[in-house]
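[1] coordinates for the following, if possible.
(3 chains)
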Amino acid sequence: MTVKQTFTDIELSELVDLAAEKQAAGYRCVNTHCVNGVDGVDIIYTFVVDGGDDVYENYRVKNVPHKSHIPSIQGSFPGVFPFENETQDLYGLTVDGMLLDFHFNFYSTDMSEPMTVITPEKKAAMEKAAKIAKAKAAKAAKDAQAKAAASAAPTMTQAEEGEDK
Amino acid sequence: MGKATIIPFGPQHPVLPEPLHLDLVVEDETVIEAVPQIGFIHRGLEKLTETRDYNQFIYIAERICGICAVGHSLGYAETVEGLMGLEVPKRASYLRVILHEMSRIHSHMLWMGLAADAFGFESLFMHCWRLRERVLDLFEAMTGGRVILSAVRVGGMVRDQDAATLQHVQEVLEGIKGEYDEICRAFLNDASVRSRLVGVGVIEHDDAVKFGMVGPFARASNVVNDVRCKGTGAYAELSDFTPITSTDCDCFARVEVRAKEILQSIDIIEEMIARIPEGPVFEKPKGSPSDGAMACGALEQPRGECYYFAQGNGTKYLERMRMRTPTSMNLAGMAAALKGCDLADVNMIVLTIDPCISCTER
Amino acid sequence: MSFMSKSPWVIHYDASSCNGCDIEVLATLCPGFDAERFGVINTGNPKHADIFLVTGSVNSRNIHVIREIYNQMPEPKAVIACGCCACEGGVFHDCYNVIGGVDRAIPVDVYAPGCAVRPEALIDAIVEAEKVLEEKYEAMKKGEHAPIIPLDAPVLKKGA
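    Model prediction:
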């Protein structure tokens, strides 16, 4: 049993206004993090107000193109500087307007943008999953076709049975 | 008016158990600004979800931090169970809470010992850690490990505890109380200790809210924020729970909040042991998280609220696992508390946020 | 046994450990296991230390710190790698930011495995390190010295 939670998709342009609105309403920013995808990076921001209905509200900005710029919400929530610097270091997005900016030197990893690197194992797993999904879709289409053909046939036999009777 | 110098603090420092580098901009003996630099412990373990499936990843999750090991394994398991829609048997939830509260007791005692060492009271440090050994002996009797327990898995617990073991846990914790009172008196009533703690590293309530601080660090500035009030797992079955707060906002308040939380945890454990139901402790998870499913979870660890996020992709490997630990949220508060303090108080203030840098960096 | 191996002072550094091994190092020095009765004291100054206890694995950020501390220690000196992460990288050996165990940065004399390493294993490792200190003292008298590892030297081969 985990906490109450909601997930909503928003646009990147709505982000800064959403942060300001939440801050004015007494919310606390819990976390920001990214999920790497093939088409881009999803960024998820989470807010909660303590003592209220205790719902963790997660807002997702989908498919931000790799290596693009995103606005900072440190103006409303100065405490999120570690997460925004992490977004820069590990995912390669540039965050504009930060109050405390480490300029891609927060973690100083050996590899740049390591979380966007698709390793051979991950690639193989993704290809296998895509193959299984394709096979499943093909089978479902075939089953639907067979079912449609079967449902056309019994009407003739029922008519024949009626004639026999 | 002196001129400003930059003094590097860390990463190797006798009082810091972990590497943290601070550039302290100092004028005479007063710190004007502190810029933290981390990155010494970053291992990049969130990417390991690609090579370890959701059952194996729990061993990685509990090794994010040795002090909060139970908390991380518990939070990870709860989030993945939420992602897959699994129901954990009730007895397992109770055992999880008992282990987690014991982990809180050991963590706070560890911290109190380090805090005593930081302000120079070495024998008090030794006494705290001597008492803490009793709790570690209990862990060893229950799970076989002192620090990394591996007692929780997705679907429940690894092993059950019989009534005799739980009775022993209760007796040991009751027995600790007498000696623990003496230690508390040394922390809270001793004039020399108070002179090092009272009025040092003040963060007012409004600043605490602005920086989004969590845990005892925030509760000492009267911010009422504790995930145990939100009722997850067996915490929902507690008869009543009020977080311990203080209005003093200084280092002394933070010591006081943690000292009282140990007694509160002993009470919670006794209540859980008295009411624990019979039944199985493990329900084997079937299948894998579905593609695109997302779930989040939160847990009140000894250092504060820890947030977890899991996303599935249809295979037994999670697409993404995120663990946002309490110290990352408190770094901004720490930098603010260091402004305007004496150089000699820097150790004390850095320690009062209860820094767990290995949690922050993962 | 010469005076060199009685009451060795230790310096402890957490390279990229999860803290489990670090708190077990401190627990070894506290009542309970009490290595202090053998004269072992935890010092913060590398120039006072005989034994270097390192926990956690090595990455490009902390390799310089480890080498810096090692170079500053006076001879004879011994290095103990505490815990599986310090020995070989542990469970994190295939992470993108982990180079390997401590022996990729400096030469290691004693390996104490465990996750987290138990205080009994650490006391055993300190006793082994005392024997190493004896040998190094004899070698020092004959003119052999420990290498100074330059901070920007390449990563050492495994098991060096």
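[2] nearest spatial neighbour of residue A:5, skipping sequence neighbours?
    On the basis of CB to CB, 6 or more residues apart in numbering or on different chains, the spatially nearest residue to residue A:5 that is not a chain neighbour turns out to be residue A:56, at 4.5 Å. (C-beta placed from N, C-alpha, C; glycine too.)
[3] quick one: contacts for residue B:305?
    Contacts for residue B:305 were tallied using CB atoms under 8 Å, 6 or more residues apart in numbering or on different chains; they are A:30, B:214, B:215, B:225, B:226, B:227, B:298, B:299, B:326, B:329.
[4] ok, the helix or strand that contains it: who's next to it in the sheet?
    Residue B:305 belongs to strand B:304-311 when assigned by DSSP states H and E. Partner strands for strand B:304-311, per DSSP bridges, with pairing direction: strand B:294-301 (antiparallel), strand B:320-324 (antiparallel).
[5] tell me which stretches of chain C form strands.
    In order along the chain, chain C carries the following strands (DSSP state E): C:10-16, C:51-56, C:78-82, C:110-112.
[6] the closest residue to residue B:66 other than its chain neighbours: how many residues sit nearby?
    Taking CB to CB, 6+ apart, and ignoring the residues beside it in sequence, residue B:66 has residue C:20 as its nearest neighbour in space, at 2.5 Å. By the other CB atoms under 10 Å in any protein chain shown criterion, the neighbourhood of residue C:20 contains 26 residues.
[7] gap between residue C:20 and residue C:79?
    Applying CB to CB, to the nearest Å, one obtains 20 Å for the distance of residue C:20 from residue C:79.
[8] sorry, back to before: adding distance to chain A and mean pLDDT, write the strands of chain C out as a markdown table.
    As requested, the strands of chain C are exported to a markdown table (distance: least, CB to the nearest CB, whole Å; pLDDT from 0 to 100):
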| stretch | distance to chain A | mean pLDDT |
| --- | --- | --- |
| strand C:10-16 | 11 | 89 |
| strand C:51-56 | 16 | 92 |
| strand C:78-82 | 21 | 93 |
| strand C:110-112 | 25 | 94 |
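[9] including mean neighbour count, could these go into TSV?
    Formatted as TSV, the entries for the strands of chain C read as follows, by neighbours: other CB atoms under 10 Å in any protein chain shown:
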stretch	mean neighbour count
strand C:10-16	25
strand C:51-56	28
strand C:78-82	28
strand C:110-112	22
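[10] export the ones you listed to TSV and tack on distance to chain B?
    Listed next are those as TSV, based on distance: least, CB to the nearest CB, whole Å:
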stretch	distance to chain B
strand C:10-16	4
strand C:51-56	7
strand C:78-82	12
strand C:110-112	14
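[11] quick one, helices of chain C?
    Defined through DSSP state H, the helices belonging to chain C, from first to last, are C:20-29, C:63-72, C:84-88, C:119-141.
[12] want to try CSV for the ones you listed, with mean pLDDT as columns?
    Written out in CSV, the entries for the helices of chain C read as follows (pLDDT from 0 to 100):
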stretch, mean pLDDT
helix C:20-29, 90
helix C:63-72, 90
helix C:84-88, 90
helix C:119-141, 90
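[13] sketch out the low-pLDDT regions of chain A for me.
    Low-confidence segments of chain A, defined by pLDDT under 70, are located at A:1, A:110, A:153-165.
[14] so which residue is dead centre in it?
    A centroid search over chain A (CA atoms, centre = their mean) returns residue A:42, at 5.0 Å, as the residue closest to the centre.
[15] name the SS class of that one, please.
    Reduced to three states with DSSP: H, G, I helix; E, B strand; the rest coil, the structure at residue A:42 is strand.
[16] would you agree it is in contact with residue A:60?
    Yes. Contact criterion CB atoms under 8 Å: residue A:42 and residue A:60 qualify, at 5.7 Å.
[17] returning to what we had before: export the helices of chain C as TSV, with columns for distance to residue B:209.
    What follows is the helices of chain C, written out as TSV (distance: least, CB to CB, whole Å):
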stretch	distance to residue B:209
helix C:20-29	32
helix C:63-72	36
helix C:84-88	38
helix C:119-141	42
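[18] work out for me the element residue 106 sits within.
    Since you didn't name a chain, this refers to chain A. Mapping residue A:106 onto the secondary structure by DSSP H and E places it in no helix or strand at all.
[19] meant chain B actually
    Of the helices and strands defined by DSSP H and E, residue B:106 is found in helix B:90-118.
[20] give me the buried positions along the longest helix along chain A.
    Selection of the longest helix in chain A by residue count, based on DSSP H, yields helix A:120-152. When neighbours are counted by 16 or more other CB atoms under 10 Å in any protein chain shown, the buried residues of helix A:120-152 are found to be A:122, A:125.
[21] is any part of that helix close to chain B?
    Yes. Contact between helix A:120-152 and chain B, assessed by CB under 8 Å from any CB of the partner chain, occurs at A:121, A:122, A:125, A:129, A:133.
[22] can you pull the contacts of residue B:47?
    Residues near residue B:47 by CB under 8 Å, 6+ apart: A:114, A:115, C:95, C:96.
[23] so which of these wins on neighbours?
    With neighbours taken as other CB under 10 Å, the top of the contacts of residue B:47 is residue C:95, carrying 24 neighbours.
[24] give me the phi and psi for that one.
    Note on residue C:95: its backbone torsions stand at phi -80, psi 160 [degrees, to the nearest 10].
[25] I figured it hits residue B:43, correct?
    Yes. The criterion here is CB under 8 Å, and residue C:95 meets it with residue B:43 at 4.7 Å.
[26] if residue B:22 is in a bridge, with which residues?
    The residues listed as beta-bridge partners of residue B:22 by DSSP bridges are residue B:9, residue B:36.
[27] give me the neighbour count for it.
    Burial measure for residue B:22: 22 neighbouring residues, criterion other CB under 10 Å.
[28] show me the contacts for it.
    If you count contacts by CB under 8 Å, 6+ apart, residue B:22 has them with B:8, B:9, B:10, B:34, B:35, B:36, B:37, B:338, B:346, B:350.
[29] got it, and residue B:170?
    When contacts are taken as CB under 8 Å, 6+ apart, residue B:170 is in contact with B:269, B:270, B:273.
[30] against residue B:211, how distant is residue B:324?
    Residue B:324 is 15 Å from residue B:211, by CB to CB.
[31] between these two, who's got more neighbours?
    The residue with the greater number of neighbours, taking residue B:324 and residue B:211 and applying other CB under 10 Å, is residue B:211; the counts read 28 against 24.
[32] let me know whether the more buried one touches residue B:332 as I believe.
    Yes. Here residue B:211 lies in contact with residue B:332, judged by CB under 8 Å, at a distance of 4.4 Å.
[33] which neighbours do those two share?
    A:78, A:79.
[34] now the residue nearest to residue C:45 when sequence neighbours are not counted, which residues is it bridged with?
    Computed as CB to CB, 6+ apart, the closest residue to residue C:45 that is not its neighbour in sequence is residue C:11, at 7.4 Å. Taking DSSP bridges as the rule, residue C:11 bridges to residue C:52.
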